[in-house]
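J.: Provide a 3D model corresponding to the input given below.
(one chain, ligands or ions: 2)
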Amino acid sequence: MSMSLTVTNLVKKFGGLTATNDLSFEIEAGQSVGLIGPNGAGKTTVFSQVMGEHRQTSGSIKLGTEEITNLSTPLRIRRGVSRTYQVPRPFSDMTVAENIRVGLMPDSVLGMILNSPNRDRELELALSVGFSEDDLERTPAELSMGDLRKLEMARTMATDPKVLLLDEVFAGLTVAEIAMISDLVQKMRSDGMTFLIVSHDLKALEPLVDTAIAINHGSMISQGSYADVITSDEVRASYLGEA
Ligand SMILES: Nc1ncnc2c1ncn2[C@@H]1O[C@H](COP(=O)(O)OP(=O)(O)O)[C@@H](O)[C@H]1O
Ligand SMILES: [Mg+2]
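T.: Ligands and ions are numbered 1, 2, ... in the order given. This next block holds a predicted model:
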């Protein structure tokens, strides 16, 4: 079952800085939207508010028909939203399998220790993102950036999300790794996953999204088809301003 994500009048202030400024958008169930904008535009801050990692200054967030604005992060994950991080953050002293296991039981590390590992599910998740069975016992220190991003995907998929937020999924990847992650996203789209995807690599992003949203200084500057957004005067100016 697919699920929509609705953000309404989202404001986040960090002291005197407004990181998201009255942002409103809706992603229909099963749709994929690209979120673009120059460095510091507020993209990651949108993700952290949707996940409840940063409490919004004002505004509301709905998953499907349910308001999640004031739920804890574990409860939001249980309702069906999950994210990856721009800088992968695996538990460095755990193996690939154990890191995936944490995703399977996001509420508590204690629960993870007490529960018997579900090797079949861990292996299934690892294989689905392109790991081999041998990779299960590797540690993050042994992994390339591509493998770390695969691990991020497996960890989030372990929570069985309906809405997935991907932050800079292609950063630091080789061409082959970009193709691998793209294929994975396409497969998940055909299975009905709803996506919000941040990527500086616009060429890699374009085929993965139905529409796009551009923000700058926390405010929406363009919204619509990918082609219209990317060629809009506002977006061109915001990227030129970055140089
Ligand atoms: N935890 C924080 N404390 C203070 N300022 C922050 C924090 N997180 C982000 N910011 C600021 O908010 C703005 C938006 O940041 P961010 O959402 O990371 O942008 P993007 O992901 O688009 O590059 C930036 O000016 C950044 O410095
Ligand atoms: Mg960011």
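J.: residues in contact with Gly172?
T.: Gly172 makes contact with 145-146, 149 under the criterion Cβ atoms under 8 Å, 6 or more residues apart in numbering. In this view, the C-beta of every residue, glycine as well, is placed from N, C-alpha and C.
J.: at 10 Å instead, please
T.: When contacts are counted by Cβ atoms under 10 Å, 6 or more residues apart in numbering, Gly172 touches 87-88, 144-146, 148-149.
J.: Relative to ligand 2, how far out is it?
T.: Gly172 sits 14 Å away from ligand 2, taking Cβ to the ion, to the nearest Å as the criterion.
J.: And that residue, which helix or strand is it part of?
T.: Element membership for Gly172, per DSSP states H and E: none, as it lies in no helix or strand.
J.: I'd like the distance between it and Thr156.
T.: Using Cβ to Cβ, to the nearest Å, we find Gly172 at a distance of 18 Å from Thr156.
J.: In contact with the residue of the chain found nearest ligand 2, which residues are there?
T.: Of all residues in the chain, Thr44 sits closest to ligand 2, with a separation of 3.2 Å (Cβ to the ion). With contacts defined as Cβ under 10 Å, 6+ apart, Thr44 is in contact with 19, 35, 53-54, 83, 85-86, 165, 167-168, 198.
J.: Of those residues, which belong to strands?
T.: With strands identified by DSSP state E, the entries of these that belong to them are 19, 35, 83, 165, 167, 198.
J.: Excluding chain neighbours, what is closest to the fourth one?
T.: Just to be clear, that refers to Leu165. Arg83 (4.0 Å; Cβ to Cβ, 6 or more residues apart in numbering).
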